[in-house]
Structures are given as structure tokens and as C-alpha cells.
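A.B. asks: got a sequence here, can you model it:
(one chain, ligands or ions: 1)
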Amino acid sequence: MTDRRLVVAAAIVDDLDRPAWLLAARRSRPAALAGRWEFPGGKVDPGEGPVEALHRELVEELGVEVELGAELVGPDDGAWVITDRHVMRLWYVRVVAGEPRPLVEHDELRWLPVGESPDLDWLEGDVRIVDALVEDVASLAR
Ligand SMILES: Nc1nc2c([nH]c(=O)n2[C@H]2C[C@H](O)[C@@H](COP(=O)(O)OP(=O)(O)OP(=O)(O)O)O2)c(=O)[nH]1
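C.D. replies: Here you go, the predicted structure:
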């Protein structure tokens, strides 16, 4: 766990209090991951804070500025192990400036109704996170 590289990512939603829509992104590279869906984000650089890295990645990848909401805390020391080399932290975010576009790393973006477990080909490590997110959103609505 400790030697895994930290990845930060965003569950981009239409509304932080009552999310109805979630933005999923389809990877275009590397070849091994191309065509699979994920939460936009990326690796935290040395010397960079996780939240700072998340803002940087969302500007680079989608051209948007965001407001952060709650973190979706995971079971692996508060984070989510996603591969044998990466552990991810994920925050709900809302776009406050710009229109999300697949600028680099993605070739398609899709808004999904977050109430239904979205039937997309997610990266393997994301599947349980998507399930947890659907459950979390359902609990917010109760
Ligand atoms: N961004 C992101 N990466 C994920 C998710 N799920 C998952 O397994 N990963 C994996 C894919 C990659 O192996 C790794 C993140 O790498 P990345 O390629 O997004 O990082 P980066 O933007 O900093 O890219 P680079 O500068 O290293 O090329 O984590 C996810 O939901 N979002």
C-alpha cells in the first residue's frame, strides 16, 4: 500500500448536494487502457499536494476549473487501491468554469445518470468505486 503511487481523480457531478449526473471519461491511451472508462485525474507529482494535483489534472485533461465537494473515502487506509502500482483518492467535484472536453488522454466524455449503476467498461479498479459511489449518492437522496 505505502509504495503505491498516488492518483487523484474526480467524480464530476452536476450538483454536489444532490448529484444526478456523473461525467465518465474514456481513455485513448496508453493502448492497454484505451477504450476503458475512468474518473478523470492523474498522478500526484513530487512536491505537489493531492488537491493541487487534482485541479491541475482537470485543467490539463478537460479544460475545466472545479469546486471540490466531499471525498469518497475508500477502504484502503481511506483510499482505493486501483492497481498493484496505484492507489487513488476521489472527490466529488462540480465544474465552475469551462465546458469539459476530452483534450488529452480521453476520446469521449459521457454524462451518466448516477442513480443507475452505469453499464460501461470501467477500468478494473474502478468497478467497486463506481458501485460505492452509486450507493453513496443513493444515501444522500434518502
Ligand atoms: N486517472 C485515473 N487513473 C486510473 C483510474 N483507475 C485506474 O485504474 N487508473 C490507473 C490508470 C493508470 O495506470 C493510473 C493513472 O495514470 P494516469 O495516466 O491517469 O496519470 P497521469 O495523467 O499523471 O499520466 P502520466 O503523466 O503518467 O502519463 O491509474 C481512474 O479512474 N482515473
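A.B. asks: C-alpha only now, for contacts and for neighbours.
C.D. replies: OK.
A.B. asks: mind checking the SS state of Glu52?
C.D. replies: Taken by DSSP: H, G, I helix; E, B strand; the rest coil, the conformation at Glu52 corresponds to helix.
A.B. asks: check contacts around the closest residue in space to Ala141 that isn't next to it in sequence.
C.D. replies: Distances taken as Cα to Cα, 6 or more residues apart in numbering put Arg18 closest to Ala141, at 6.7 Å, once the chain neighbours are dropped. Applying Cα atoms under 8 Å, 6 or more residues apart in numbering to Arg18 gives the contacts 137, 140-141.
A.B. asks: between those residues, which is nearest the ligand?
C.D. replies: If you rank those by distance to the ligand using Cα to the nearest ligand atom, Val137 comes first, at 17.5 Å.
A.B. asks: report pLDDT for the closest one.
C.D. replies: pLDDT, Val137: 94.
A.B. asks: report the buried members of the contacts of Arg18.
C.D. replies: Val137 (16 or more other Cα atoms under 10 Å).
A.B. asks: just put the contacts of Arg18 in CSV and tack on distance to the ligand and secondary structure.
C.D. replies: Shown next, in CSV, are the contacts of Arg18 (distance: Cα to the nearest ligand atom, whole Å; DSSP: H, G, I helix; E, B strand; the rest coil):
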residue, distance to the ligand, secondary structure
Val137, 18, helix
Leu140, 22, helix
Ala141, 24, helix
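A.B. asks: next up, the contacts around the closest residue to Gly41 other than its chain neighbours.
C.D. replies: Spatially, and ignoring its direct neighbours in sequence, Gly41 is nearest to Ala9 (4.0 Å; Cα to Cα, 6+ apart). Residues near Ala9 by Cα under 8 Å, 6+ apart: 39-42, 54, 88-91.
A.B. asks: and the pLDDT for the residue sitting nearest the centre point of the chain?
C.D. replies: Centroid-nearest residue in the chain, with Cα atoms, centre = their mean: Phe39, separated by 2.8 Å. Note on Phe39: pLDDT of 98.
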